[in-house]
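> Below are the sequence and a predicted model for it; my questions follow.
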Amino acid sequence: MIVHLLQLANAGTYPGKHDWFYPFKDRFLRRHGQRDGLFYDKQTIQKICYRCGGDGRYHSRCEKCRYAGGCGNCMYTDSDFEDFEATAARKSGRCDRCGGSGFYLNKTVWLERWLYARRVFHIPANAQGMPILVPDPVNVYIGYIQHAKVDPSWAWRSALLLFAIFEFKTLTLVAQQSIRNRWQKFRMGPIPF
C-alpha cells in the first residue's frame, strides 16, 4: 500500500510538491529504500527559448509589448530601446537570450536509482556524491520523466497520508502553511498562531 501512495504522490502535480514532497521522498528513500547499486539515470532538460522560438536567430522585437518584430500597433522600434547587448545580438544575428542555441535552459541531471518494493524511484544526485568516473546511465531521459496521469487531488491526498504515517511534523507544517495561505488570501487580519 505504501508503494502505491508513494507512486501516486510522485506522479501527480500539485502545489507544494517541490517544497514538501520531494524532500520527504529523499528522506524516505534513504531511510526505507535500497540504493540500486552504483547505477544512475541521466535526464537532460532543454527548454526552448521563447524570444527566438528555438531557431537561435535574433528577431526584432517591441520592448513594450514583447512581440517579436513588434506588435504592429506599437509606435516603438528596436532603435528606441537600443542597448549594447541587443545591438551586439542584432549584428551577430544570434538571439540575445539564448546565445544562438535555441534553448534558454540546457541542463543535465544525474539521478540516483532507489528501489522500494521492487519499484524504481529517482533522487537527483548532488555533485559531491557523484563518483569521479560515472558509469553509463541505465536510462536516458530527454525532458521530464513521464508518469501515468494522476488526479492532482489524489496525489496530494497520498502525500498527506504519507506525511501522517512517516513524518507527522511535516504534516503539521504543511497544515500551518495552508492555513496561513488561506488566511492571507481572504485578508482575515493577523494570523492567530
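Here it is on my side, so go on.

> any chance you could map the helices in this structure?
Counting by DSSP state H, residue ranges of the helices within the chain are 2-11, 22-32, 84-92, 152-166, 168-185.

> Enumerate the positions of the longest one that are buried.
Within helix 168-185, the residues that qualify as buried by neighbour count (16 or more other CB atoms under 10 Å) are 170-171, 174. The way it works is simple: take the backbone N, C-alpha and C, and place the C-beta from them, glycine included.

> quick one: which of the residues you listed is nearest residue 23?
Distance to residue 23 across the buried residues of helix 168-185 (CB to CB) is lowest for residue 170, with 8.4 Å.

> surely the closest one meets residue 20?
Yes. The criterion here is CB atoms under 8 Å, and residue 170 meets it with residue 20 at 6.6 Å.

> Mind listing the shared neighbours of these two?
Common contacts of residue 170 and residue 20 (CB atoms under 8 Å, 6 or more residues apart in numbering): residue 163.

> picking up where we left off before, dump the helices of the chain into a markdown table; add distance to residue 102 and mean pLDDT as well.
Listed next are the helices of the chain as a markdown table, based on distance: least, CB to CB, whole Å; pLDDT from 0 to 100:
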| stretch | distance to residue 102 | mean pLDDT |
| --- | --- | --- |
| helix 2-11 | 30 | 96 |
| helix 22-32 | 29 | 96 |
| helix 84-92 | 14 | 60 |
| helix 152-166 | 32 | 96 |
| helix 168-185 | 38 | 86 |
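
> For residue 53, find the nearest of these.
Of all these, helix 84-92 comes closest under CB to CB, at 14.8 Å.

> mind giving me TSV with the helices of the chain and columns for distance to residue 121?
Converted to TSV, the helices of the chain look like this (distance: least, CB to CB, whole Å):
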stretch	distance to residue 121
helix 2-11	7
helix 22-32	6
helix 84-92	42
helix 152-166	13
helix 168-185	18
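
> Which one of those helices lies nearest to residue 140?
helix 2-11 (19.8 Å).

> that older thread, can you convert the buried residues of helix 168-185 into TSV and add a column each for distance to residue 98?
Output for the buried residues of helix 168-185, formatted as TSV (distance: CB to CB, whole Å):
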residue	distance to residue 98
170	38
171	42
174	37
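
> Residue 139: which of the helices of the chain is closest?
Closest to residue 139 of those, according to CB to CB: helix 2-11, at 16.1 Å.

> by contact count, what packs against that closest one?
helix 22-32, strand 119-124, helix 152-166 (3 or more CB pairs under 8 Å, 6 or more residues apart in numbering; DSSP states H and E).

> Looking at those, spot the one closest to residue 2.
helix 152-166 (7.5 Å).

> now residue 185: how far from residue 178?
Going from residue 185 to residue 178 by CB to CB, to the nearest Å gives 11 Å.

> now residue 33
Per CB to CB, residue 33 is found 28 Å from residue 178.

> cool, residue 108 as well?
35 Å.

> ok, residue 17 touching residue 158?
No. Using CB under 8 Å, residue 17 is not in contact with residue 158, being 11.2 Å away.
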